[in-house]
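Chemist: whatever this is, show me its structure:
(chains A and B)
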Amino acid sequence: MASRAQLFSEVGKFVLFMQRVMKRPTRGRMFWRSLVYEMNLIGVDSLVIVVLISLFTGAVSTIQTAVQLTAEGGILPPDIFPMEVVGSVVGNGSLLEFAPTITCLVLAGKVGANIASEIGNMKVTEQIDAYEVMGINAANFVSLPKIIAGLIMIPCLIILANFLLLYGGAIACKITGMLTVDEFVTGIRSSFTPLYLRLMLIKSFAFAFIITALACFEGYFTEGGALEVGEAGTRAVTRICVFILFFDLIIAQLFL
Amino acid sequence: MIRLENVHKYFDDRHVLKGINATFLPGTINMIIGASGGGKSVTLKCMVGLEEPDSGTIWFGDRDFHHLDYNGKQSVRREIGMLFQGTALFDSLTVEENVAFPLRMFSDLQEAEIKDRVNHCLERVNLPGINSKFPGEISGGMKKRVGIARAIAMNIQYLFCDEPNSGLDPLTSRVIDELLLEITQEYGITTVINSHDMKTVLDIGENIVFMYHGEARWAGSGKEVVQGRKDVPELDDFFRASF
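Modeler: Numbers count the residues shown, from 1 in each chain, chains lettered A, B, ... in the order given. Okay, here's the model as predicted:
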């Protein structure tokens, strides 16, 4: 009973927090400056990890799919499917799951923890209070640029991740010789479904909001010292991952 | 002038401010003194709007702060500067950007004018030439002075200081005390300092409120505090424990 009350209290607190965040910025010029800074931090600084994860995931998923479909003792008799099927499985898998979900789970660890600890640190060192005393809506000033930057940059990273996943798959085809790059690309093209692309975009915006808004929320309500700042970062990552997977399921159920 | 009338504050069922009445005068160093847990910080937070009193009134001149509408509160806040215990400088900004922050946020000054004002404020707190340093690169005493510079960057009417000497050596503490006194007298602002440093009280305190267990137990001038301790045993204990 107590935990249910706590859940409702947390949800209410989040809604009230978002109400304070989603206000017109006090000073447009300062907002734009923060937005550009945050876009750089969330987008450009995450490029390396996204590139690496995507290339490797694409390559591994291609190899594993090809092995399942062709190897002796695999799940199916060898040569029952044309090799183009590997391309269609990896292509659709990339659109539906790998690019949005895996990228966002990685970004939860990088971007989410970073935002939660940054705002948590500002809270325990009274910087948030300093904004409030000056008459600035601190929740809005600190969080809104991060949320908007996330909503712009994370979908871009996911679109890039999708291309890199397929590129990684093509590299794997070339290196292993399990199938030709042409077969792989033909498979991707022949099974392309526009709905999956739309789903990827819907997920990318939903997950971008979850990552940034939850991280801001966890950081903003940090109390105590350095230990609690660390805990806020960990809690933010855990909650973001759970919410991403939960909404992944909801979106899949709703649209597929 | 700031006037507190019968201010009460509860945290759950804990009654932390029990009907505080006090008056803080302009051009004067006003001090709230007392041991930890006495309600000093909560009183200060209520005055700057970080906490809402459960009942009572806080007057800034003729404005009842907690009953003003949003715009009214904002206009009072623009007249308030605060020096926090941990300075609360923005780590990601340089000293210059920290001092310029309220100006960029609330004034229509051009960049050149902002730079002039920042340099003036930094010179006023005896810190010229550290504009490009980050808060992490300067000492505790310098951080406090940058905090004061940021607080006075706008033309404030009220300056609140939460434990301005905490974590400072005695010499630097005196420098900060003298600076606060000079600025208060020079600008004619109402300065309210929250402190448990009796040396500061005796050196610069002009109007003192002694708080004990959420009550304003004694109030008087800096000169009267030595006499006042004879009438209030808690003040006497606090006074003796400080030396």
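
Chemist: ok, residue 199 - contacts?
Modeler: Just so you know, I chose chain A. Residues in contact with A:Leu199 (C-beta atoms under 8 Å, 6 or more residues apart in numbering or on different chains) are A:95-96, A:251-252, A:255-256. Glycine gets a C-beta too; all of them are placed from N, C-alpha and C.

Chemist: chain B is the one I meant
Modeler: B:170, B:173, B:242.

Chemist: from these, which has minimum pLDDT?
Modeler: pLDDT is lowest at B:Ser242 among the contacts of B:Lys199; the value there is 74.

Chemist: what comes up buried for the helix or strand containing A:Leu151?
Modeler: Assessed by DSSP states H and E, A:Leu151 sits inside helix A:138-176. Neighbour-count burial for helix A:138-176, counted by 16 or more other C-beta atoms under 10 Å in any protein chain shown, picks out A:138-155, A:157-162, A:164-166, A:168-170, A:172-173.

Chemist: ok, now stretch B:71-89?
Modeler: Result for stretch B:71-89 [16+ other C-beta under 10 Å]: buried residues B:73-74, B:76-89.

Chemist: now the element after the helix holding A:Leu151, going C-ward?
Modeler: Next element after helix A:138-176 (DSSP H and E): helix A:181-190.

Chemist: list the buried residues in that following helix.
Modeler: Buried, per 16+ other C-beta under 10 Å, within helix A:181-190: A:183-188.

Chemist: quick one on the thing from earlier: make TSV from the contacts of A:Leu199 and add distance to chain B, secondary structure and neighbour count to it.
Modeler: Listed next are the contacts of A:Leu199 as TSV, based on distance: C-beta to the nearest C-beta, whole Å; DSSP: H, G, I helix; E, B strand; the rest coil; neighbours: other C-beta atoms under 10 Å in any protein chain shown:
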residue	distance to chain B	secondary structure	neighbour count
A:Leu95	37	helix	26
A:Leu96	38	helix	22
A:Ile251	35	helix	17
A:Ala252	39	helix	13
A:Phe255	40	helix	13
A:Leu256	43	coil	9
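
Chemist: what segments of the chain are helices?
Modeler: I'll assume chain A. In chain A, the helices defined using DSSP state H lie at A:2-21, A:28-42, A:47-70, A:84-93, A:103-107, A:113-124, A:127-133, A:138-176, A:181-190, A:194-220, A:226-255.

Chemist: let's do chain B instead
Modeler: Under DSSP H, chain B gives helices at B:40-48, B:70-77, B:95-106, B:111-124, B:140-153, B:170-187, B:198-204, B:225-231, B:233-241.

Chemist: related to what we said a few turns ago, closest one to B:Asn131 among the helices of chain A?
Modeler: helix A:28-42 (18.4 Å; C-beta to C-beta).

Chemist: hmm, who's touching that closest one?
Modeler: Contacts for helix A:28-42 (C-beta under 8 Å, 6+ apart): A:25, A:111, A:114, A:141, A:144-146, A:148-150, A:152-154, A:212, B:104-105.

Chemist: closest to B:Asp197 out of those residues?
Modeler: Distances from B:Asp197 to those, taken by C-beta to C-beta, are shortest for B:Met105, at 32.0 Å.

Chemist: residue contacts, the residue sitting nearest the centre point of chain A?
Modeler: Centrality entry for chain A: nearest residue to the mean C-alpha point is A:Cys104, 1.9 Å, by C-alpha atoms, centre = their mean. When contacts are counted by C-beta under 8 Å, 6+ apart, A:Cys104 touches A:154, A:158, A:203-204, A:207-208, A:210-211, A:244.

Chemist: in TSV, list those along with pLDDT and distance to B:Thr184.
Modeler: Listed next are the contacts of A:Cys104 as TSV, based on pLDDT from 0 to 100; distance: C-beta to C-beta, whole Å:
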residue	pLDDT	distance to B:Thr184
A:Ile154	97	50
A:Ile158	97	56
A:Lys203	96	58
A:Ser204	96	55
A:Phe207	97	53
A:Ala208	97	49
A:Ile210	97	49
A:Ile211	97	47
A:Ile244	97	53
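
Chemist: just those that are near chain B?
Modeler: Residues of those in contact with chain B (C-beta under 8 Å from any C-beta of the partner chain): none.

Chemist: tell me the residues of chain A that contact chain B?
Modeler: Residues of chain A lying near chain B (C-beta under 8 Å from any C-beta): A:26-27, A:29-30, A:121, A:125-127, A:129-130, A:132-136.

Chemist: one more pass at 6 Å, please.
Modeler: A:27, A:125-127, A:129-130, A:132-135 (C-beta under 6 Å from any C-beta of the partner chain).

Chemist: quick one, which of the residues you listed are buried?
Modeler: Applying 16+ other C-beta under 10 Å to those flags A:125-127, A:129-130, A:132-135 as buried.

Chemist: residue 38 - how many residues pack around it?
Modeler: Picked chain A for this. Using other C-beta atoms under 10 Å in any protein chain shown, the number of residues around A:Glu38 comes to 22.

Chemist: that was the other one, I meant chain B.
Modeler: Other residues close to B:Gly38 by other C-beta under 10 Å number 23.

Chemist: helices and strands of chain B: which one has the lowest mean pLDDT?
Modeler: Across the helices and strands of chain B, mean confidence by mean pLDDT, DSSP states H and E is lowest for helix B:225-231: a mean of 79.

Chemist: give the buried residues for it.
Modeler: Buried residues in helix B:225-231 (16+ other C-beta under 10 Å): B:225, B:228-229.

Chemist: same list (those) but as CSV, adding distance to chain A.
Modeler: Shown next, in CSV, are those (distance: C-beta to the nearest C-beta, whole Å):
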residue, distance to chain A
B:Val225, 28
B:Gly228, 31
B:Arg229, 32
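
Chemist: now distance to B:Val209 too, for these, in a markdown table please.
Modeler: What follows is the buried residues of helix B:225-231, written out as a markdown table (distance: C-beta to C-beta, whole Å):
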| residue | distance to B:Val209 |
| --- | --- |
| B:Val225 | 11 |
| B:Gly228 | 11 |
| B:Arg229 | 14 |
